[in-house]
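>>> show me the folded form of this:
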Amino acid sequence: MKFKYKIVLASSLVLLLALSFITVNQYWIVKTKIENQVAQSVNEILQGISNTVAAQMKGKAQLAALTTSLIENTPDLPSAAPILAAPTLQENFILIGYGQQSSGQYVASDPSWDPGASWDPRKRPWYQDAKNAETLIVTAPYADAVSKEILVSIGTPVMLNNRFSGAIFFDVSLSALSDMINAVNLFDAGYAFMISGDGQIISHPNAGLNGQPSSQFLGQTDVSQTIQEVLIEDKLRLVQFKPVDGVDWWVGVALDKDKVYSAVTEMKRDAIIYSIISLIVGVGGLAYFIHILMAPLTLINRAMRNVASGNADLTARLAASNEPEFAELANSFNQFTHMLQQLINDIQELGHKILQDATQTSKGANLTNEAIHQQLAALESLATATNEMAATSVVISSTAQEAAQAVEQTDRSAQQGQTIVNDTTSAVDLLSTQIDQAVAVVAELEVSTSGIENILSVINAIAEQTNLLALNAAIEAARAGESGRGFAVVADEVRTLAQRTQTATTEIKTMIDQLQKNASAAVAEMNHSKHSAGQTVEQAAQATQALNEIRGSIAHIVNLNSQIASSIDEQRIVVEEVNRNAFAIKDISNRVADEAENVDATMKNQVKNIATQEQMLEQFKV
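As a prediction, this is how the structure comes out:
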């Protein structure tokens with residue numbers, strides 16, 4: 001953005017701020033005055049309505065008190081009826097009634113009024129309130145059951161000799177008060193209304209709201225003497241209340257905020273329009289005068305742009321201006337071009353010298369770069385060889401480790417074999433001992449079978465003898481005839497039993513003979529097995545000795561492998577160190593080569609830049 005435009009913009013901002021301050025200050029002053037006037041006017045109107053309502057209710061209360069004092073002088077019902085029917089009372093009250101405490105009888109100002117046979121004045125709220133208060137009371141507003149008109153009742157106690165003897169009610173219509181309130185002119189911007197202390201609507205322009213809760217159009221608005229903003233019927237209204245003296249009532253107003261403050265809104269709109277017009281005119285005037293005043297500066301600007309274009313004539317000079325400020329600026333510009341002319345001459349001479357030195361330096365950097373590349377090739381070969389040697393060392397070390405692992409596995413296998421041979425030897429020794437025990441048991445069995453054979457011989461002899469005795473008995477029984485037949489049967493059974501015993505003993509003897517043969521064969525086999533077990537134990541001892549020798553050889557091999565692995569690790573460490581050093585030297589050489597190439601490229605660029613600089617300086621006419 002040009003400087004003159006910045007001056008115009010800054011001046012415009014100052015003008016805008018000044019106009020804004022004046023406009024806002026005027027707006028707030030006028031707005032405050034109007035708000036104060038509205039508040040004062042509303043307060044006066046509310047106070048007037050409140051005083052009027054209070055005065056009317058006070059007048060009716062005084063009239064009721066006067067009527068009550070007259071009836072206290074003639075308390076009987078027939079005498080009270082003419083008093084209640086007085087024209088003045090008829091004009092101020094729509095209905096008056098007097099009820100007695102003793103009989104419950106009553107009399108009303110309207111003879112045609114009939115509340116029903118069951119109507120008892122003593123049970124009515126106005127009667128009980130007047131009795132309890134023993135002074136004049138005013139009931140809360142209520143809607144008449146027939147006309148739906150909003151009424152209040154004034155109740156007064158009738159006292160005879162300072163004793164309560166009855167009460168009088170005076171029904172007061174609030175329609176006149178409502179008409180009076182509705183007739184109040186509030187700048188054609190709203191309306192007045194009246195509510196009771198418990199929030200019941202007494203008077204409202206919309207008669208349908210009378211007797212309803214005030215929350216139907218005021219919401220939850222607080223009853224307060226300060227102005228409040230309340231949204232009523234989708235419009236923002238200003239609401240304020242004023243209490244009525246003597247009764248628990250409040251008069252209020254609801255004013256359309258837009259209408260009340262319409263003058264403020266119009267003034268605000270006009271102030272903004274006039275401020276914008278003033279700003280546009282002021283900015284236009286500033287722009288024109290600044291353009292005229294800045295003409296000499298435009299000439300100086302053209303001369304400076306000519307110098308900055310790159311094809312300037314440094315011998316040209318600006319003419320002096322009539323304005324002191326611009327004349328001083330032109331003189332300073334002429335001094336600057338003169339100094340610049342001398343400076344460019346010196347730079348051209350220095351540029352020639354730098355170009356010669358840079359060309360020589362570039363050649364030296366090129367030679368250095370070639371030598372470093374040769375060194376890099378040699379280091380590359382050395383790094384490759386050491387890398388291959390390191391890889392070979394790693395392979396040899398890995399092979400040695402595998403061999404060591406294989407030898408260790410062989411040693412573990414030999415150790416397991418030795419353990420198995422030792423277990424086998426122990427098992428064979430145990431078997432030999434068990435065979436000896438079995439041989440002893442079989443020998444005892446052979447001796448026992450020999451004893452059993454002797455017993456069987458005795459049993460066989462007894463059976464043969466029994467057989468002979470049975471045969472002799474049978475012969476004797478046959479000789480005896482019929483008397484010995486039973487004995488013959490027994491003798492025959494005994495002989496049969498003896499024969500079976502002989503047969504059994506013969507079979508047992510055969511089995512014992514076979515058992516003795518088997519026992520003899522078992523003893524022979526056991527002796528042979530014992531001899532074989534002895535040979536097995538000797539062979540196991542030889543195998544244990546051979547395994548011990550194998551383990552000794554394996555330990556020697558493991559020791560040799562460890563020495564080989566240690567030597568290979570040392571060789572690998574040395575090779576890796578050499579390899580790292582070679583790569584480090586290579587990296588350093590690479591960096592040196594890169595720096596040499598950068599220097600070479602820089603020098604070449606410098607030569608080009610110096611040449612370009614000479615071409616640019618030659619454009620100036622010095």
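
>>> where do the strands sit along this structure?
95-100, 106-108, 137-138, 142-143, 150-160, 163-173, 190-196, 201-203, 228-232, 235-244, 249-256 (DSSP state E).

>>> got the CA coordinates for the first one in PDB?
What it means is strand 95-100. Below are the C-alpha coordinates for strand 95-100, written out as PDB (Å, rounded to 0.1, in the frame of the first residue of the first chain):
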ATOM      1  CA  LEU A  95     -75.500  -5.300  47.100                       C
ATOM      2  CA  ILE A  96     -75.500  -4.800  50.900                       C
ATOM      3  CA  GLY A  97     -76.400  -7.500  53.500                       C
ATOM      4  CA  TYR A  98     -76.700  -7.600  57.300                       C
ATOM      5  CA  GLY A  99     -76.600 -10.900  59.300                       C
ATOM      6  CA  GLN A 100     -77.200 -11.300  63.000                       C
END
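
>>> which of the strands of the chain is buried the deepest?
strand 201-203 (a mean of 26; mean count of other C-beta atoms under 10 Å). To be clear about C-beta, it is placed using only N, CA and C from the backbone, and glycine gets the same treatment.

>>> contacts for it, please.
The contact list for strand 201-203 (C-beta atoms under 8 Å, 6 or more residues apart in numbering) reads 141, 150, 174, 177-178, 181-182, 192-196, 209-214, 216, 249.

>>> so where's the stretch 201-350 of the chain uncertain?
In the predicted model of the stretch 201-350 of the chain, residues 296-297, 299, 307-314, 316, 318-323, 325-326, 341, 348 satisfy pLDDT under 70.

>>> try the stretch 451-600 of the chain
Using pLDDT under 70, the stretch 451-600 of the chain drops low at 547, 561, 564-565, 568, 571, 575, 578, 582, 589, 596.

>>> quick check: closest non-adjacent residue to Ile7.
Ile290 (5.6 Å; C-beta to C-beta, 6 or more residues apart in numbering).

>>> tell me how many other residues crowd the one you found.
Neighbours of Ile290 under the rule other C-beta atoms under 10 Å: 15.

>>> Leu16 reaches Ile276, doesn't it?
No - counting by C-beta atoms under 8 Å, Ile276 is not a contact partner of Leu16; they are 9.5 Å apart.

>>> anything in contact with each of these two?
By C-beta under 8 Å, 6+ apart, no residue touches both Leu16 and Ile276.

>>> what about the two, which has more around it?
Leu16 (16 against 12).

>>> closest to Gln437 out of the strands of the chain?
strand 228-232 (120.0 Å; C-beta to C-beta).

>>> parallel or antiparallel, list what pairs with that closest one.
strand 235-244 (antiparallel) (DSSP bridges).

>>> the strand it pairs with to strand 190-196, inter-axis angle?
Relative orientation of strand 235-244 and strand 190-196, computed by axes from the mean of the first three to the mean of the last three C-alpha atoms, to 10 degrees: 50 degrees.

>>> contacts for strand 235-244?
In contact with strand 235-244 (C-beta under 8 Å, 6+ apart) are residues 38, 42-43, 46-47, 49-50, 53-54, 57, 190, 194, 218, 221, 223-232, 249-258, 260.

>>> mind exporting that strand as CSV, just the C-alpha atoms?
Extracted C-alpha coordinates of strand 235-244, given in CSV (Å, rounded to 0.1, in the frame of the first residue of the first chain):
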residue,chain,number,x,y,z
LYS,A,235,-43.2,-8.7,22.1
LEU,A,236,-40.6,-7.3,24.4
ARG,A,237,-42.5,-5.0,26.9
LEU,A,238,-41.4,-2.8,29.8
VAL,A,239,-43.3,-3.7,32.9
GLN,A,240,-43.5,-1.8,36.2
PHE,A,241,-45.8,-2.1,39.3
LYS,A,242,-47.0,0.3,42.0
PRO,A,243,-48.8,-0.8,45.2
VAL,A,244,-52.2,0.6,46.1
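
>>> now do that strand: distance to the chain's middle.
Centre-to-centre, strand 235-244 and its host chain are 48 Å apart (C-alpha atoms, centre = their mean, to the nearest Å).

>>> what angle separates it from strand 249-256?
Using the same axes, to 10 degrees: strand 235-244 against strand 249-256 is 160 degrees.

>>> about what we covered before: a markdown table for the strands of the chain, including distance to Gln434?
Listed next are the strands of the chain as a markdown table, based on distance: least, C-beta to C-beta, whole Å:
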| stretch | distance to Gln434 |
| --- | --- |
| strand 95-100 | 137 |
| strand 106-108 | 139 |
| strand 137-138 | 131 |
| strand 142-143 | 127 |
| strand 150-160 | 131 |
| strand 163-173 | 136 |
| strand 190-196 | 125 |
| strand 201-203 | 125 |
| strand 228-232 | 116 |
| strand 235-244 | 120 |
| strand 249-256 | 126 |
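
>>> out of these, the one nearest Pro121 is which?
Of all the strands of the chain, strand 95-100 comes closest under C-beta to C-beta, at 2.7 Å.

>>> centre of the chain to stretch 155-165, how far?
Using C-alpha atoms, centre = their mean, the offset of stretch 155-165 from its chain centre is 77 Å.

>>> nope, stretch 452-468 is what I meant
Between the centre of stretch 452-468 and the centre of its chain there are 111 Å (C-alpha atoms, centre = their mean).

>>> any idea which of the strands of the chain gets closest to Asp492?
Taking the strands of the chain one by one with C-beta to C-beta, strand 228-232 is closest: 143.9 Å.

>>> of the strands of the chain, which is nearest Leu456?
Comparing these by C-beta to C-beta, strand 228-232 comes nearest, at 136.6 Å.

>>> what lies in contact with the closest one?
Contacts for strand 228-232 (C-beta under 8 Å, 6+ apart): Phe217, Leu218, Gly219, Thr221, Asp222, Leu236, Arg237, Leu238, Val239, Gln240, Ala254, Lys257.

>>> how about these, which pair is most distant?
Using C-beta to C-beta, these reach their maximum pairwise distance at Asp222 and Lys257, which is 17.9 Å.

>>> between these two, tell me which one has more neighbours.
Using other C-beta under 10 Å, the more surrounded residue of Asp222 and Lys257 is Lys257, with 17 against 10.

>>> output the contacts of strand 228-232 in CSV; the columns should cover distance to Thr392.
Shown next, in CSV, are these (distance: C-beta to C-beta, whole Å):
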residue, distance to Thr392
Phe217, 105
Leu218, 103
Gly219, 98
Thr221, 101
Asp222, 100
Leu236, 97
Arg237, 103
Leu238, 103
Val239, 104
Gln240, 107
Ala254, 107
Lys257, 100
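
>>> for the residues you listed, which one is nearest Gln499?
For the contacts of strand 228-232, the nearest to Gln499 is Gly219 (137.8 Å; C-beta to C-beta).

>>> the residue nearest to the closest one when sequence neighbours are not counted pairs with what?
Using C-beta to C-beta, 6+ apart and skipping the chain neighbours, the partner closest in space to Gly219 is Val230 (6.8 Å). Residues in a beta bridge with Val230, per DSSP bridges, are Arg237.

>>> still on that earlier bit, what's the closest of the strands of the chain to Glu453?
Proximity to Glu453 (C-beta to C-beta) singles out strand 228-232 among these, at 137.0 Å.

>>> wait, isn't Thr466 in contact with Val494?
Yes - under the criterion of C-beta under 8 Å, Thr466 makes contact with Val494 at 6.4 Å.

>>> biggest helix in the chain by residues?
helix 324-480 (DSSP state H).

>>> just to revisit the earlier point, do you know how far the residue nearest to Gly219 is from Gln240?
With distances taken as C-beta to C-beta, to the nearest Å, Val230 is found 10 Å from Gln240.

>>> before we move on, what about Glu233?
Applying C-beta to C-beta to Glu233 and Gln240 gives a distance of 18 Å.

>>> try Ile280
43 Å.

>>> go ahead and flag the most central residue of this protein.
Most central residue of the chain, judged by C-alpha distance to the mean C-alpha position with C-alpha atoms, centre = their mean, is Gln220 at 38.4 Å.
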